[in-house]
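1. Whatever this is, show me its structure:
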Amino acid sequence: KNAHLHIRYNLGSRDHDVGLSSALLNDDKHHAVIIYRQEANLTLYIDNREPIYYSPLGGDMELVTLNMQWRIAIGASFNLLHRTKRRKREQIYDSYKGFITGVNFNGLMILDMLAQV
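-> You can find the predicted model right below:
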């Protein structure tokens with residue numbers, strides 16, 4: 001199956017989607033991925049490739065900071081609907097099969113923290 005990198009983030013007003021469809025990442029090699037967000041802009045670094053820059057279009061008043069971190073999903077995507085009682089996601093799609101290590105989110109190694117729970 002084709003393995004492309006896709007990033008979705010929301011600062012409160014709308015989803016921003018950034019992806020790399022020009023290269024496959026399921027080649028049985030390790031890849032270094034760095035995602036850097038400043039305000040609503042995002043820069044994506046993969047291995048030694050040229051960086052991908054994303055800046056939202058339009059003149060809308062986009063929030064520039066995250067007031068809370070509600071959810072981080074690594075390795076899959078969720079649909080946009082949820083159950084009202086338990087607020088659990090109904091469906092997972094674009095699931096990832098492989099290894100992910102060294103995830104640093106705002107200075108916290110979140111996968112290491114999860115392993116200690």
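2. for Asn104, what are its contacts?
-> By Cβ atoms under 8 Å, 6 or more residues apart in numbering, Asn104 lies in contact with Ile110. C-beta coordinates here come from the backbone N, C-alpha and C atoms, glycine included.
3. Show me what it is bridged to.
-> Met109 (DSSP bridges).
4. Please report the distance of it from Arg14.
-> 26 Å (Cβ to Cβ, to the nearest Å).
5. ok, now Asn48?
-> 32 Å.
6. Of those two, which one has the most company?
-> The residue with more neighbours, out of Asn48 and Arg14, is Arg14; 13 against 6, by other Cβ atoms under 10 Å.
7. ok, Asp17 - contacts?
-> Asp17 is in contact with 6-8, counting by Cβ under 8 Å, 6+ apart.
8. Just the closest of the residues you listed to Ser55, please.
-> Nearest to Ser55 among the contacts of Asp17 is Ile7, at 14.0 Å by Cβ to Cβ.
9. Secondary structure element holding that closest one?
-> strand 5-10 (DSSP states H and E).
10. Report the buried residues of that strand.
-> Within strand 5-10, the residues that qualify as buried are 5, 7, counting by 16 or more other Cβ atoms under 10 Å.
11. Just give the strands next to that strand in its sheet, each with its orientation.
-> Short version: by DSSP bridges, strand 5-10 pairs with strand 15-20 (antiparallel).
12. Quick check: buried residues in the strand it pairs with?
-> Quick answer for strand 15-20 (16+ other Cβ under 10 Å): 16, 18, 20.
13. helix, strand or coil for Tyr96?
-> Recorded secondary structure, Tyr96: coil (DSSP: H, G, I helix; E, B strand; the rest coil).
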